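Participant: Predicted model and sequence follow; I will ask about them next.
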Amino acid sequence: MIRPYHANDANAVLDIWLSASIQAHAFIHESFWRDQLAAMGEIYLPQAETLVLEEAGQILGFASLHEHRLAALFIAPSAQGRGLGKRLLDEAKRRCDLLELSVYSANNRACAFYQNCGFTVVSEQSDPHTGHPELVMRWQRH
């Protein structure tokens, strides 16, 4: 089931964000992600419209939308490869006519996922927090 995020989901969502970020971004030191945890919980989640994907009472993933940006899409490492990310992305697409996102160029798995889901690269930039190159990708309903 996909449902709106509630404040009492914070610990589960932040655990998923941290573990999935560390796993997907081995090219960035783990301490960077740990240092971002408080801001994620106190600033970014409250500012976004966040959807959680829950099965049998357990949160397995989430997506955060901020205006027309897909600000986050993370699946618990133990639940990856089951199509849950696509389910969350499809729900985000249902809610928006246009989505943009930034993804690290070195995160080949995520880049391929978004391209397979209809996103196209519109520009490249350097992440201001890490200095690593990112792709800016866009999807638009036709």
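Facilitator: The structure has been received and is ready for your questions.
Participant: chain center to stretch 112-123: distance?
Facilitator: What separates the centre of stretch 112-123 from the centre of its chain is 14 Å, taken as CA atoms, centre = their mean, to the nearest Å.
Participant: Check stretch 3-18 too.
Facilitator: 12 Å.
Participant: Likewise for stretch 73-91?
Facilitator: Distance, centroid of stretch 73-91 to centroid of chain: 9 Å (CA atoms, centre = their mean).
Participant: what comes up buried for it?
Facilitator: Leu73, Phe74, Ile75, Ala76, Ala79, Gln80, Leu84, Gly85, Arg87, Leu88, Leu89, Glu91 (16 or more other CB atoms under 10 Å). All C-beta atoms are positioned from the backbone trio N, CA, C, and that covers glycine.
Participant: Show me those residues that map onto strands.
Facilitator: Leu73, Phe74, Ile75 (DSSP state E).
Participant: Tell me the helices and strands packed up against the longest helix along the chain.
Facilitator: Counting residues, the longest helix in the chain under DSSP state H turns out to be helix 10-24. Counting by 3 or more CB pairs under 8 Å, 6 or more residues apart in numbering; DSSP states H and E, the packing neighbours recorded for helix 10-24 are helix 30-39, helix 45-47, strand 49-55, strand 58-66, strand 69-75.
Participant: What residues are bridge-paired with the spatially most central residue of the chain?
Facilitator: The centroid of the chain falls nearest to Leu73 when counting by CA atoms, centre = their mean (2.0 Å). For Leu73, the beta-bridge partners are Ala63 (DSSP bridges).
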